[in-house]
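**Student:** have a look; sequence and predicted model below, questions after that.
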Amino acid sequence: MGTLTGHLVPGIVLYGVGLYYAVLASRAILRGQKLLSPPLPPKEKQGQRWWQRVQVEGLVKVGAGMTLVLGEFFFPPGANHFPLVDWEDPRRPFRNHDSWQHATIFGVFLLSALADFASQVWLARPSVPLERAATALAVAVLLLEMGAHVEHKDALEVRVHALLLLPAVLMLLVLAAEVWAPDQPPLWMLKAWLTLVFGSWLLHVTSILYAPLSGQRWSAENPVDLAFAVTFFCWHLGFGAAALAAVYSLCSLCHRRHSSSGLGGAWGSYQTCPMDDSGGELEKLRPRGLSSGQGCPPAPSCALSCSFPELSEEAE
């Protein structure tokens, strides 16, 4: 990761994940969902294949994690940063410390994807707290490794990486809160905003350290450069909020357009089909044409009648 490409690729991935979170949170709020992602039915009622039940976040963790871990050790082609110990030296010193630090960060996020898969594929019911706890653990490892990563660096690298830690600390707190309260829309939006800030600032750090837009390298000895690093980071806080507001506005326009046209579809009002008949919730969602003793129709009809009662009424 100690190269332009090594900072650029994670920055792009994180910013893309931030936009994905922003769209997901905006749609969930507009549709009145109680959870960020629509819950899957119990395992025995799922008709999809296992890879169709995995959410995008887990797939991104696997793809990006494996690519970045391999890139740390074997990029550029022909390089080998995998040896951990120099066995030829009698003192047996450690080698490739930065590569192993970065690989540890990416590897823990890769392991958190396994928790996502276990929750969404193998457990009887998906466990949101398990998924959030695994991601929170990965962010905690990120904080520990980045704290050690800035040791023996110049003042500029310490400054830009310290600023990068701020959204990471707040993200850890948000994920920890979601373990116990996954149904809070403010946490959804805050997580999207922090991910956007983290991704955009990482991209800016790439420019500062490896490809300055002005063509002049930033100086760790110049207090003005160090001061502007903080100023630019504050701008990224505003840029992240503006991007989040823009995504929400676009989602709101699409939601209103589809609602006014009566198309519904992916942007229509969403209400999950209950998994049991407790509390009378199933009776409230059952179309008027069905008697109370008939029960909920099979899976496809149930999903249609529970999510869009008006469509069932028209069909009758």
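**Tutor:** Right, received. Where do you want to start? Numbering: from 1, shown residues only.

**Student:** would you map the helices across the stretch 51-200 of the chain?
**Tutor:** For the stretch 51-200 of the chain, applying DSSP state H, counting those that start in this stretch gives helices covering 56-74, 97-117, 128-149, 155-180, 185-210.

**Student:** now these as a markdown table including distance to F232 and mean neighbour count?
**Tutor:** Placement of C-beta: from N, CA and C, glycine included. Output for the helices of the stretch 51-200 of the chain, formatted as a markdown table (distance: least, CB to CB, whole Å; neighbours: other CB atoms under 10 Å):
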| stretch | distance to F232 | mean neighbour count |
| --- | --- | --- |
| helix 56-74 | 25 | 18 |
| helix 97-117 | 24 | 20 |
| helix 128-149 | 19 | 18 |
| helix 155-180 | 9 | 18 |
| helix 185-210 | 6 | 22 |
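
**Student:** can you add mean pLDDT and give the ones you listed back as CSV?
**Tutor:** Formatted as CSV, the helices of the stretch 51-200 of the chain follow (pLDDT from 0 to 100):
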stretch, mean pLDDT
helix 56-74, 92
helix 97-117, 93
helix 128-149, 93
helix 155-180, 95
helix 185-210, 96
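
**Student:** for L226, which of these is the nearest?
**Tutor:** Among the helices of the stretch 51-200 of the chain, helix 155-180 comes nearest to L226, with 5.4 Å by CB to CB.

**Student:** before we move on, the earlier item: closest one to N222 among the helices of the stretch 51-200 of the chain?
**Tutor:** Once CB to CB is applied to those, the stretch that comes out nearest is helix 155-180, at 8.7 Å.

**Student:** quick one, the closest one and helix 185-210 angle?
**Tutor:** Orientation check (axes from the mean of the first three to the mean of the last three CA atoms, to 10 degrees): helix 155-180 against helix 185-210 gives 160 degrees.

**Student:** run the angle between helix 155-180 and helix 128-149 for me.
**Tutor:** Using the same axes, to 10 degrees: helix 155-180 against helix 128-149 is 160 degrees.

**Student:** okay, now the domains of this protein?
**Tutor:** Taking automatic domain parsing as the domain assignment, the ranges for the chain are 4-261, 273-315.
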